[in-house]
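[1] after the sequence you'll find the predicted model.
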Amino acid sequence: MEKLVNIKLNAAEDGIIIVDQRALPLELKYLEIKTPEQAYDAIESLAVRGAPAIGIFAGYSMYVLSKQIVKDAKSSSDAHQKIEKLAEYLNSSRPTAVNLNYVLTRVLKRIKDVDYDKIISVLKEEAVKIHEEDKAMCKAISEYGLTLLKDGMGVITHCNAGPLATSEYGTAQGPLIMSKERGLNIRVYADETRPLLQGARLTSFELYNSGVDVTLICDNMASLVMRKGLINIAFVGADRIAANGDFANKIGTSGVAILCKHYGIPFYTFAPSSTIDMSCPTGNDIVIEERNGDEIAEKFYAKRMAPKGIKTFNPAFDVTDHNLLSGIVTEKGIIRAPFDVNLKKMFG
Ligand code: MRU
């Protein structure tokens with residue numbers, strides 16, 4: 001299958017074209033984003049999702065959506081103020097993945113002392129740089145991840161940390177795709193990832209199309225496949241890694257980590273530096289996004305599957321304790337325990 005370009009500028013550079021991840025795997029649909037409200041909605045509704053992809057999209061959004069602001073601005077400080085407001089607005093679309101905040105803070109810092117007539121060209125330069133850095137990051141992370149794999153191994157993964165969630169290859173899925181390119185035979189078990197089914201809709205779609213041997217399981221089957229000896233290692237992504245190594249990832253991740261500990265299976269998270277938040281001391285300080293309960297009771301069912309009026313609790317992420325981690329695979333190498341000391345050494 002042809003490689004998908006999930007985020008790019010349109011020809012006039014007055015909009016961003018994204019793959020609408022909500023429609024996959026049955027339909028390959030593209031969306032053109034031209035207003036701040038459309039950009040906010042694309043992130044909030046998960047048309048664009050996955051921590052690094054949200055960051056890349058935010059970079060291009062700042063470039064494209066600032067054009068009108070600069071055109072209408074009465075003065076340089078007026079333009080700067082309105083661009084800051086735009087960043088604040090986009091930043092409020094989803095709270096957990098730190099990459100969104102990282103990119104918005106980075107571009108604002110980059111244009112802080114830039115003359116009014118140069119703002120737009122600097123924003124474009126920075127957006128393209130963020131995208132290019134992500135491509136290099138994915139390759140480097142995948143290479144490090146590949147060193148953990150041997151021919152014939154079984155890998156469990158949760159949610160989607162593949163090309164759609166990044167620029168290409170992905171983070172936790174990168175070594176799995178690369179292993180196929182390098183002639184290794186790896187068996188992957190993809191958790192479906194309730195309630196939004198990123199594992200079923202996206203991970204199994206991407207791995208299957210890359211020729212990787214992938215088997216889809218429901219989340220509650222993970223223990224059985226581990227008990228049967230089918231799993232040798234676990235690879236997952238991350239949305240925010242705290243300074244002590246605790247990390248937030250898709251809801252259900254911590255359960256996989258706890259199972260791995262029980263069965264003695266090494267458990268790794270994969271993330272670029274932009275996902276490491278040294279200003280966040282522990283997992284308890286990570287804000288967890290809560291989403292509408294209809295995602296549990298109705299979404300993806302032919303008809304509603306829970307009583308009308310039932311109380312629901314729908315956290316989108318959970319926190320995995322650093323003591324369940326065998327390592328954090330970054331573009332700079334694999335970080336091992338003690339995580340607080342070693343994260344500080346590398347990212348402090
Ligand atoms: O809610 P989502 O689908 O954006 O959650 C995505 C995840 O939890 C991913 O594992 C994480 O962002 C890493 S993507 C490389």
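    Looks like it arrived, so ask away.
[2] any regions of this structure where pLDDT drops low?
    Within the chain, the stretches with pLDDT under 70 are 1-2.
[3] pull the number of nearby residues for the closest residue to the ligand within the chain.
    Distances between the chain and the ligand by C-beta to the nearest ligand atom are smallest at G237, namely 2.7 Å. For glycine as for every other residue, the C-beta is placed from the backbone atoms N, C-alpha and C. Applying the criterion other C-beta atoms under 10 Å, we find 30 residues in the vicinity of G237.
[4] L216: neighbour count?
    Residues near L216, counting by other C-beta under 10 Å, number 17.
[5] what's the answer for G170, then?
    Under the neighbour criterion other C-beta under 10 Å, G170 is assigned a count of 31.
[6] quick check: chain neighbours aside, which residue is closest to it?
    Once its chain neighbours are removed from consideration, G170 has its nearest residue in G162; the separation is 3.7 Å (C-beta to C-beta, 6 or more residues apart in numbering).
[7] for that neighbour, give me its contacts.
    G162 makes contact with G50, Y169, G170, A172, Q173, G174, I177, L202, T203, E206, L207 under the criterion C-beta atoms under 8 Å, 6 or more residues apart in numbering.
[8] on that earlier part again, the residue of the chain closest to the ligand touches A51, doesn't it?
    Yes - taking contacts as C-beta atoms under 8 Å, G237 lies within contact range of A51: 7.1 Å.
[9] identify the contacts common to the two.
    When contacts are counted by C-beta under 8 Å, 6+ apart, G237 and A51 are jointly contacted by A165, A271.
[10] show me what counts as buried in stretch 156-171.
    Residues 156-171 are the ones in stretch 156-171 that count as buried (16 or more other C-beta atoms under 10 Å).
[11] do that stretch and the ligand meet?
    Yes - using C-beta under 6 Å from any ligand atom, we find that stretch 156-171 touches the ligand at C159, A161, A165, T166, G170, T171.
[12] want to throw those residues into TSV with secondary structure?
    Listed next are these as TSV, based on DSSP: H, G, I helix; E, B strand; the rest coil:
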residue	secondary structure
C159	coil
A161	coil
A165	helix
T166	coil
G170	coil
T171	coil
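[13] can you list those residues in TSV and add distance to I310?
    Output for the residues of stretch 156-171 next to the ligand, formatted as TSV (distance: C-beta to C-beta, whole Å):
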residue	distance to I310
C159	25
A161	31
A165	31
T166	36
G170	36
T171	36
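[14] ok, those residues vs P36, which is closest?
    Minimum distance to P36 across the residues of stretch 156-171 next to the ligand is 23.0 Å, recorded for A165 (C-beta to C-beta).
[15] who touches that closest one in this structure?
    Listed by C-beta under 8 Å, 6+ apart, the contact set of A165 reads R49, G50, A51, P52, A53, T171, L202, G237.
[16] correct me if wrong: Y208 contacts T215.
    No - in this structure Y208 lies outside contact range of T215 using C-beta under 8 Å: 10.1 Å.
[17] which parts of the chain are helices?
    Listed in chain order, the helices found in the chain under DSSP state H are 36-44, 51-72, 76-91, 98-111, 119-146, 174-181, 198, 204-209, 222-227, 253-263, 294-297, 339-347.
[18] what comes up buried for the third one?
    Judged by neighbour count using 16+ other C-beta under 10 Å, the buried positions of helix 76-91 are A79, H80, K82, I83, L86, A87, L90, N91.
[19] hang on, isn't the first one packed against Q68?
    No - counting by C-beta under 8 Å, Q68 is not a contact partner of A79; they are 10.6 Å apart.
[20] so T157 sits against F235, correct?
    Yes - with contact defined as C-beta under 8 Å, T157 and F235 form a contacting pair (5.3 Å).
[21] how about D115: what's its closest non-neighbour residue?
    S76 (7.1 Å).
[22] for A242, which residues are in contact?
    Taking C-beta under 8 Å, 6+ apart as the contact definition, A242 lies against D277, C280, P281, T282, G283, D285, I286.
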